[in-house]
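Asks: What shape does this take:
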Amino acid sequence: MLALPSFTAPAGLGPSAALLVATWGLLTLEALLIAEVNLAVGEELRSSQFASGTRPGPAGEEQMVTLRQMAEHTLGPAAGKGLIACYLALSGCFLVAYTCKSTEVLDFFTGGALPPAAAAPAFVGALGGLMYLGGNSTLDKVNQVLTSLILGLFLVILGSGLLQVDWAASAYPPSNWTAAGKAIPIAFLALLYHDLVPVICAYLRHDRAAVRTVLLVGGLVPLAMFLSWEAVALNLLPAYSTASTAPIAAADGQGSATAMVDLLEAFVRHSPPLVGSAVEAFSGLAVVTCFLGTTLGVSETLKTELPLLLARLQPTLAGAPATMDSAAVACEPERQQQHQQRQQQGQGQGQQPSVGPGVLLSLTLGPPLLLTLARPDLFLGALDVAGAYGLTLLYGLLPPVMAWRLRQQQQDPAGRRMDQPGPLVPGGTVVLVAALGVVGAITIGRVSTDLGLPVDAVLSQAQHVMGHAAN
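Replies: Numbering: from 1, shown residues only. Sure, this is the predicted structure:
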């Protein structure tokens, strides 16, 4: 968050603020579409389970509807498998990035006494242990405390910046609306929280009104923080434009890692000593909250997906012993009757293989930790891989498509809407097409930048590929 002005500085305050507000609006729309599909699919799954007498999880516990179930229900089995693989890979990149960043924060606060080989396991072990021992209720309380601390530290940092601000319009970099487009990917990444939407729906017990309120109001807090920090940081930027920080103001919109560090270092140098510690503490707590949220989303997804996978594999894994057991039961009428009763009881309760929280957390945190130990410098690289196309695919293009298919399925052959709750997002198909168009344009712009080709050349190549595939 504190580094965002490094990317938006070439655009100036007005275009940067407009970009953040427009990005927030688009991502709020996408989050509501995800929630709409999640709630509808969850209602159908619960109705089906109630009708068949099955129970997918412990009594009194809300079962989360995963992205795979949403995609499978609306777009088919192949889409569900592809989406869950993409989600897990994307979340893995984020966890690698957060773990790598944690080593830098711990290095600052320990004065270099804790090497990355020890810092990463300590970070992952502490937070993983908290989630394992405390459960979701403790995690919720911890998250509230951390959020309050983050807001307090942000006010300290913002207040220090306000003491240095010159509110004259000439103190800001000139507006450049063309440069604003190049900051879209980082704005998209900064305001994203959509991997937690299924968790939020389950946590709020699929209450449509509560889910809508949380998504609409909750997203305003980070937006307000970003806008206020942009107003302060971009005002201070010209005063900080020394030889080391000049590349920020003169950059072409693709702010480099060096420029980001220079901007924050310049801000700390011009502020009281307490501010340097506040900046590092803010960064550390932000990494912790993001790490906990992503870990919770992945572990809850695995909690739903792994039992289903094990249930499919159970007959194969049982193999010959299961056949021998069936033959033995068939030889003894009394044991055969008991065996059938156990089968019927298990089917009636919808029992599935269970996976303990320790296994879930190990599968979630083990691979990112190993990658961090192998390459502790992967922070920016992991974020770049995660943000390049995975985010726009999962949380930009797919939600409108899933919502459109869901609304089609909820209509009878005459085109009349069946007895279903209304959509969370009004506007009908026009809004869905508009969302697809905006995200599609962002994706094409990114492809054009990465390939070094003009947009019309990218579109021409895409048409050629699509025409070849159709033939």
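Asks: going forward, measure contacts and count neighbours with C-alpha atoms only.
Replies: OK.
Asks: Tell me which residues touch the most centrally placed residue in the chain, please.
Replies: For the chain, the residue nearest the mean C-alpha position is Asp195 (3.6 Å; C-alpha atoms, centre = their mean). Neighbouring residues of Asp195 by C-alpha atoms under 8 Å, 6 or more residues apart in numbering: Thr294, Gly297.
Asks: In a strand, it, correct?
Replies: No. Under DSSP: H, G, I helix; E, B strand; the rest coil, Asp195 sits outside any strand and is assigned helix.
Asks: and the gap between it and Val430?
Replies: Asp195 is 25 Å from Val430, where distance means C-alpha to C-alpha, to the nearest Å.
Asks: Gly445 now?
Replies: In this structure, Gly445 and Val430 are 23 Å apart, going by C-alpha to C-alpha.
Asks: More neighbours: those two, which one.
Replies: Neighbour totals were compared for Gly445 and Val430, and Gly445 leads with 19 against 10 (other C-alpha atoms under 10 Å).
Asks: Which secondary structure element is home to the more buried one?
Replies: helix 428-451 (DSSP states H and E).
Asks: Check Ile184 too.
Replies: Element membership for Ile184 (DSSP H and E) is helix 184-190.
Asks: same check, this time on Ala35
Replies: helix 13-52.
Asks: And the strands in the stretch 351-471 of the chain?
Replies: Under the criterion DSSP state E, counting those that start in this stretch, the stretch 351-471 of the chain contains no strands.
Asks: before we move on, back to that, compute the inter-axis angle for the helix holding Ala35 and helix 428-451.
Replies: 120 degrees (axes from the mean of the first three to the mean of the last three C-alpha atoms, to 10 degrees).
Asks: what packs against helix 13-52?
Replies: helix 67-75, helix 177-180, helix 184-190, helix 197-203, helix 208-218, helix 220-236, helix 398-409 (3 or more C-alpha pairs under 8 Å, 6 or more residues apart in numbering; DSSP states H and E).
Asks: Go again with 6 Å.
Replies: Identification of packing neighbours for helix 13-52 by 3 or more C-alpha pairs under 6 Å, 6 or more residues apart in numbering; DSSP states H and E yields helix 398-409.
Asks: and Gly112, backbone torsions?
Replies: When read as degrees, to the nearest 10, the backbone of Gly112 gives phi 80, psi 10.
Asks: Once you drop chain neighbours, what's closest to it?
Replies: Closest residue in space to Gly112, ignoring its immediate chain neighbours: Leu106 at 8.0 Å, by C-alpha to C-alpha, 6 or more residues apart in numbering.
Asks: Check the model's average confidence along stretch 406-424 for me.
Replies: Stretch 406-424 shows a mean pLDDT of 69.
Asks: Report the separation between the two terminal residues of that stretch.
Replies: Termini of stretch 406-424 sit 12 Å apart (C-alpha to C-alpha).
Asks: which regions of the chain sit below the pLDDT cut-off?
Replies: Applying pLDDT under 70 to the chain flags the ranges 50-62, 169-170, 238-265, 314-354, 378-388, 412-420, 450, 453, 455-471.
Asks: just to revisit the earlier point, and the helix holding Ala35, what's buried?
Replies: 13-17, 19-21, 23-24, 26-42, 45 (16 or more other C-alpha atoms under 10 Å).
Asks: gap between Gly422 and Gly428?
Replies: Gly422 is 11 Å from Gly428, by C-alpha to C-alpha.
Asks: circling back: the helix holding Gly445 relative to helix 398-409, how many degrees between them?
Replies: For helix 428-451 against helix 398-409, the angle by the same axes, to 10 degrees is 150 degrees.
Asks: Could you find the closest non-adjacent residue to Met64?
Replies: Per C-alpha to C-alpha, 6+ apart, closest to Met64 is Ala202, 5.2 Å.
Asks: Show the end-to-end separation of stretch 188-196, please.
Replies: Rule used - C-alpha to C-alpha; the end-to-end distance of stretch 188-196 is 16 Å.
Asks: how far does it sit from the chain's center?
Replies: Relative to its parent chain, stretch 188-196 has a centroid offset of 5 Å by C-alpha atoms, centre = their mean, to the nearest Å.
Asks: same thing with stretch 222-242?
Replies: 25 Å.
Asks: Stretch 178-194 too?
Replies: 14 Å.
Asks: What is the burial count for Ala89?
Replies: Ala89: 14 neighbours (other C-alpha under 10 Å).
Asks: What strand or helix carries it?
Replies: Per DSSP H and E: helix 77-109 holds Ala89.
Asks: any idea how far Thr99 is from Leu370?
Replies: Separation of Leu370 from Thr99 (C-alpha to C-alpha): 10 Å.
Asks: more neighbours, those two?
Replies: A direct count of neighbours by other C-alpha under 10 Å for Leu370 and Thr99 places Thr99 higher, at 29 against 14.
Asks: What sits closest to His194 if chain neighbours are left out?
Replies: What sits nearest to His194 in space, not counting adjacent residues and going by C-alpha to C-alpha, 6+ apart, is Ala31, at 5.9 Å.
Asks: Revised request: answer the last question for Ile157.
Replies: Val275 (6.2 Å).
Asks: Over to Leu373?
Replies: Nearest residue to Leu373, sequence neighbours excluded (C-alpha to C-alpha, 6+ apart): Ala117, at 5.9 Å.
Asks: same deal with Pro173?
Replies: Distances taken as C-alpha to C-alpha, 6+ apart place Gly12 nearest to Pro173, at 5.2 Å, with adjacent residues excluded.
Asks: which phi and psi does that neighbour have?
Replies: phi 90, psi 170.
Asks: In contact with it: list those residues for me.
Replies: Gly12 sits next to Pro173, Pro174, Ser175 when contact means C-alpha atoms under 6 Å, 6 or more residues apart in numbering.
Asks: out of these, who's nearest Thr138?
Replies: Lowest distance from Thr138 to these (C-alpha to C-alpha) belongs to Pro173, with 45.2 Å.
Asks: helix/strand/coil for that closest one?
Replies: coil.
Asks: Report how many residues lie close to it.
Replies: If you count neighbours by other C-alpha under 10 Å, Pro173 ends up with 19.
Asks: what's the answer for Ala224, then?
Replies: 13.
Asks: now do Lys182
Replies: Lys182 has 22 neighbours, counted by other C-alpha under 10 Å.
Asks: What separation do you get for it and Gly12?
Replies: 12 Å.
Asks: And Val217, by the same measure?
Replies: From Val217 across to Gly12, the span is 27 Å (C-alpha to C-alpha).
Asks: next one: Ser160
Replies: For Ser160, the distance to Gly12 - C-alpha to C-alpha - is 21 Å.
Asks: ok, now Met1?
Replies: From Met1 across to Gly12, the span is 17 Å (C-alpha to C-alpha).
Asks: can you give me the helices for the stretch 301-450 of the chain?
Replies: Ranges of helices within the stretch 301-450 of the chain are 333-349, 357-374, 379-385, 391-392, 398-409, 428-451, based on DSSP state H, counting those that start in this stretch.
Asks: Would you mark the buried spots in the second one?
Replies: Pointing back at helix 357-374 there. Going by neighbour count (16+ other C-alpha under 10 Å), the buried part of helix 357-374 is Pro357, Leu360, Leu361, Thr364, Leu365, Pro368, Leu369, Leu371, Thr372, Leu373.
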